[in-house]
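1. My questions are about this predicted structure, shown below with the sequence.
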Amino acid sequence: MSTLGYFDRFGGRYVAEILQQPLVELEQAFTEALADPAFLAELVEQQRNFVGRPTPLLYAGNASRELGGPPIYIKLEGMAHTGAHKINNAIGQAMLAKRMGKTRIIAETGAGQHGIATAAACARLGLECVVYMGDTDVRRQQPNVAGMELYGATVVPVHSGAKTLKDAINEAMRDWATHFETTHYLIGSALGPSPFPDIVRTFQSIIGDETKRQMADRGIGGGTLVACVGGGSNAMGFFSTFLDDPSVRLVGVEAGGRGPAIGDHAVRMSGSGAEDGIIHGYKSRFLVDADGQVAPTHSVSAGLDYPGIGPQLAALGERGRVTFTSATDTEALEAVKFFARTEGVMFALESAHAGAAAIRLARQQESDKPIVINMSGRGEKDLFITSPLLRLEEWKEFLESELARIGGAE
């Protein structure tokens, strides 16, 4: 764990007094669970038979040959149950909450993948589930909303602020402060007040552990690991195993959005628009406007438009251990098309930012050391976003026919 909840100057536990004791109890319960062989055995069983681990490490031979650079590998986290890496943390925290005697789970979600994973984990363990989701994200991620409700969750649209992930977190925190005796707040990314960054990284570290073993099995050493970065759960899980290995370069990819203007992107580490701040119970780097208020953000991917970044990633970036770059909306869409065409793999829009950066690196890199991309989620969830962008007329015709069909059924 971090020292007293801090990673260098980032992290901490900046919450109202009413939440201090629940966080202390959570930290104690988490520490005890990790020392309990029975808990760890159940976690392994759930990872194997419910999540579907290990996920494959795919050699992207066609992509590698077309780019003419180093070999590219893809860690297929999208093959995990519910379609993304989020289930690794969701099942772990849900197990921990049940161990603590909690009967109700609340969560926030942006793209919907964490909401889907949390709803599925709660259904598996028999826990009540409420998911807060910004109204903007509810409207652009309707398939995931339908999936959460199918798993038995209640989805609460958030109409305050920009109606996105930041605002969903605010509402979830308010709920938790009122109901913490029976409720666990299952945070989806490696952020928030301590001990959440440590908890999420720990449950997601299975990604890096598996990748390291799979690379060793193939005789692959060194190279570059590339992951998209919103709050940071998939990146921290992917990178954590390799932090002390200087032969491995770690690259985090932020959302470059439409361009460099305020409100057009979500670049916290590789740009100049972010400042140190304390938001959502922790200290990190946040995008702010000229008045020092949290700035609006944009990304074609609902999971990357958060204005802050997890505290450990902020520290690793400032130390230089993680190199940050960004990819634009257009580059992400091109990466979706490229890997679908060359490898038969459909990246989620979030993961496609990592794919776009990997394409760029492969074209620049002279070394034969591998590039490994964490495909943190698969792209079927984004078809309602990508289809209007890639095949507008056909999509309009489809929606019109569906509206006519539904109207006729009524």
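-> Sure thing, it's come through.

2. Burial check on Gly22, number of neighbours?
-> If you look again at residue 22, you'll see it is Pro, not Gly. 18 (other CB atoms under 10 Å). The way it works is simple: take the backbone N, C-alpha and C, and place the C-beta from them, glycine included.

3. Give me the pLDDT value at it.
-> pLDDT, Pro22: 96.

4. Tell me if I'm right that it and Thr182 touch.
-> No: counting by CB atoms under 8 Å, Pro22 stays clear of Thr182, with 11.2 Å between them.

5. Would you map the helices across the stretch 101-250 of the chain?
-> Using DSSP state H, counting those that start in this stretch, the helices of the stretch 101-250 of the chain run over 113-125, 135-140, 142-150, 165-179, 196-204, 206-217, 233-239.

6. If you count contacts, what does the shortest one end up packed against?
-> The one in question is helix 135-140. If you count contacts as 3 or more CB pairs under 8 Å, 6 or more residues apart in numbering; DSSP states H and E, helix 135-140 packs onto strand 154-158.

7. Remind me what the strand it packs on packs against, helices and strands.
-> With contacts defined as 3+ CB pairs under 8 Å, 6+ apart, strand 154-158 has these neighbours: strand 128-134, helix 135-140, helix 142-150, helix 165-179.

8. before we move on, back to that, could you save the helices of the stretch 101-250 of the chain as TSV and add columns showing mean pLDDT?
-> Written out in TSV, the entries for the helices of the stretch 101-250 of the chain read as follows (pLDDT from 0 to 100):
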stretch	mean pLDDT
helix 113-125	97
helix 135-140	88
helix 142-150	93
helix 165-179	92
helix 196-204	98
helix 206-217	98
helix 233-239	98
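
9. on that earlier part again, quick one, which of the helices and strands packed on strand 154-158 is packed in tightest?
-> Counting by mean count of other CB atoms under 10 Å, strand 128-134 has the highest mean neighbour count of those, with a mean of 25.

10. Any idea how many residues pack against Asp209?
-> Neighbours of Asp209 under the rule other CB under 10 Å: 13.

11. Could you do Tyr6 as well?
-> 18.

12. quick one: contacts for the closest residue to Ser160 other than its chain neighbours?
-> Leaving aside its chain neighbours, Ser160 sits nearest to Asp167 (5.1 Å; criterion: CB to CB, 6 or more residues apart in numbering). Neighbouring residues of Asp167 by CB atoms under 8 Å, 6 or more residues apart in numbering: 134, 158, 160-161.

13. Which one (most neighbours) among the residues you listed?
-> Gly134 (29 neighbours).

14. how much space between that residue and Asp305?
-> Applying CB to CB, to the nearest Å, the value for Gly134 to Asp305 is 9 Å.

15. Check Ala235 too.
-> Per CB to CB, Ala235 is found 16 Å from Asp305.

16. what do you get for Ala80?
-> Applying CB to CB to Ala80 and Asp305 gives a distance of 23 Å.

17. again, but for Ala38
-> As for Ala38, its distance to Asp305 is 40 Å (criterion: CB to CB).
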